[in-house]
Each structure stands twice: as C-alpha cells, then as structure tokens.
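Student: Here is my input, please return the structure:
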Amino acid sequence: EIGVVIMPHGSTQPWNDAVETTIKPLRSKYPIEMAYGMGDPYIIQDAVSRLEQRGIRRIVFVRMYALDHQMKPITDYILGLSDRSPADGHGGGHGSANAPPQVRTAALFSTFGGYEQNPEIALVLHKRIAELSKDPANETVLLLAHGEGTDEGNAQWISVMNQNIDRLRQDPHCAQLKAIKALTVREDWPKEREKAVAAVRATIEEASKQGRVLVIANRLYGSGPYKKMLKGLNFELSERGL
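Tutor: Have a look, this model is predicted:
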C-alpha cells in the first residue's frame, strides 16, 4: 500500500482550506498526511511517522510548489535521497554545519513537484481569462507570478509560463487576444522586486492606453500583494488563483 505526504507552502486559513479542498478527493484513494512548510524536517518526520504507524512502507512525497526544482534539494536530503545537504535550503554542500536532520524511517520514497509544469494548468488559466474577458481583440492578458530570487530561477519560471501561453494560444478565444504576457514580481527579494514591479507597472500602463488589461494571478490561491503593488493603474484583476 502506498501512502502520500503532501508539502504545500502553507499560508492563511483560507489558503490552507483551499488546498485541503483540492486534496480531499484523493483521500478516498490514498492514506495522506500533510507537511505544510518549506521543508521543515520535524513536520516531515511527523507526517512520515504517522504513515508508518498505519503500516505504510512506500511513500510518495509531493512538493506542492510551482516548479519541480523548488524545495527539491532540501527535501531530498531530509528524506535521505541525497547526501548533499543544502546549508539553508538554497545551496550548501555535504557536511554543512547547518544541515537539517534527516528523517528516521524504513520507508521507501518517490518524489515529485512542479504543478505549474502540468499542461492542464493552461486549462485553468483559460478559465480565469474567460471569467474576465469581454472583447478579446481589445484585451491584453498578463499572467503574474511570484517569481524567484535568482535570475536563472526566475527565467525558468517565465519559460514555464510561456509554455502555458503557447497552449492558451491554441484556444480560439485566447487566439483573439491582443497579447498574453508572462511576468513575475519576485516579491520576496526587495532589490529584485523593485525592478520587477516597476516593469509590470510600465507594461500595464502602456497596454491600458490601447485597450483593457486583464491581470491573472498566476498563483496557487488568491492574488497576494498584487492589488497593493499595482495600485493606481487601470486594469482588472482575477484574484482567484489556480
């Protein structure tokens, strides 16, 4: 029998409730334990131990993060799948003084992550666009995501979003849109965030001179700080998230 540990980031109660609602149908198929957080070894240990107490010996560990590399190094180390310990969750090497503890377990693990890399995400984005769109030929759509701190990581996120845009363009409705663009705000890194938000604001300001601007919150749930970041501009925001 296979058990599942799911690790979402976690946030406010509405955010967590939305995740639980999404996962609920799977509970009739699999024993599932949650491990909210950014690779907390003690929370992960508790989730694994609860499954083992139910007789589970094989566990699928799900990183419920947008891209498949996010949180992989630290959780692979915690689960014993790698001997390279990220010092702070973002790098480091074997034997680091800041290495997190590894789980004590006899279970065998398989892992995956990167929900935004699933082609079906384009279907969700199309639904969000359709909820706001009235005259596609006169509309510019901006997919707005969290983003990453490194230029390399951020570029990878944009690349994944552009793949979803290519899928959206195959739909007759989205094919009529004036433009669909992928942007991030890099919100956890002040220096990068300042430049990114300025670029997003400039894009909205320019596009709004030529028609409607629809901003789609390209996030798991809600729209985060977008309203505050984009205050004073002329656009319509989908706040629902994926």
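Student: tell me, what residue is most central in the protein?
Tutor: Ala66 (2.8 Å; CA atoms, centre = their mean).
Student: now it, what's its secondary structure?
Tutor: Here Ala66 is recorded as coil under DSSP: H, G, I helix; E, B strand; the rest coil.
Student: my guess is it meets Asn118, correct?
Tutor: No. Counting by CB atoms under 8 Å, Ala66 stays clear of Asn118, with 10.5 Å between them. (C-beta placed from N, C-alpha, C; glycine too.)
Student: returning to what we had before: and the residue nearest to the centre of the chain, what are its phi and psi?
Tutor: phi -60, psi -40 (degrees, to the nearest 10).
Student: Give me the pLDDT value at His90.
Tutor: His90 is assigned 44 on the pLDDT scale.
Student: correction: Ala97
Tutor: Taking Ala97 on its own, its pLDDT is 57.
Student: picking that back up, name the nearest residue to the residue nearest to the centre of the chain, sequence neighbours excluded.
Tutor: Glu116 (4.2 Å; CB to CB, 6 or more residues apart in numbering).
Student: Compute the number of surrounding residues for Pro14.
Tutor: By other CB atoms under 10 Å, the residues close to Pro14 number 10.
Student: repeat for Val48
Tutor: By other CB under 10 Å, 25 other residues sit near Val48.
Student: quick one, helices of the chain?
Tutor: 13-23, 41-53, 72-78, 121-132, 151-168, 172-175, 190-207, 226-229 (DSSP state H).
Student: show me the residues around the residue nearest to the centre of the chain that make contact.
Tutor: 114-116, 145-146, 157, 160, 220 (CB atoms under 8 Å, 6 or more residues apart in numbering).
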